[in-house]
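> Structure, please.
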Amino acid sequence: KVELSFLRNKVYLNGLDKIHIFRGRFHSTRALSEEGACILEIETPEDKHDLVRLEDSYGREQKPYEGREHETPKNGDCIWLREPEGGDYVCRFGACTIRHFAPSRREDVAGYPESDFFVVARGGVRARENANILWPGDVVDGVSLARLSSAFELIPETSLIHIRQ
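Here you go, the predicted structure:
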């Protein structure tokens, strides 16, 4: 269980809950469970240089991101989602299966339950030229994705991250 705090409110999330935090929205996450929490945060596009801290437990208020020298190198506990070139890329994260794939037809995104969710990594769904409905960074459940893609167009070269417990 975690507490996700915003400027004026808090949201409580349990295992496998999902939330879309809009660009530029101040937020912080705190584990409430004694055993801690394992959080998968997908940032698209990756841009740490837009980071602004309002409050910080480590004295970094109003300071920018520290830069690559403060990042922890990836090790065996980390995942890196490869491009789905020539087929799906599948890996495990905790109790979840994560699949990065490139749907080519509407049928490729049909029939998933509401408990599955998808993150647009590239492309998305659009109603007409320059009228995107889903674009990179958006999170959508399986039922909503099927409805949207059946009524609108999958943008060519779209790739999706599919997460299922």
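
> where exactly do the helices run in this structure?
Secondary structure of the chain (DSSP state H): helices at 142-151.

> quick one: low-confidence parts of it?
43-54, 61-72 (pLDDT under 70).

> Can you tell me which residue sits nearest the middle of it?
For the chain, the residue nearest the mean C-alpha position is I42 (3.4 Å; C-alpha atoms, centre = their mean).

> That residue touches D138, doesn't it?
No - using C-beta atoms under 8 Å, I42 makes no contact with D138, being 10.3 Å away. Glycine gets a C-beta too; all of them are placed from N, C-alpha and C.

> anything in contact with each of these two?
V119 (C-beta atoms under 8 Å, 6 or more residues apart in numbering).

> what about E157, distance to P84?
From E157 over to P84 the distance is 11 Å, taken as C-beta to C-beta, to the nearest Å.

> Tell me how many other residues crowd A31.
13 (other C-beta atoms under 10 Å).

> hmm, back to that, tell me which of E157 and P84 has more neighbours.
Counted by other C-beta under 10 Å, E157 and P84 do not tie: P84 has more neighbours, with 19 against 9.

> follow-up on the earlier one: and the residue nearest to the centre of the chain, what is it in contact with?
V119, G137, V139, I161.

> Which one (most neighbours) among the residues you listed?
V119 leads the contacts of I42 on contacts (other C-beta under 10 Å) with 23 neighbours.
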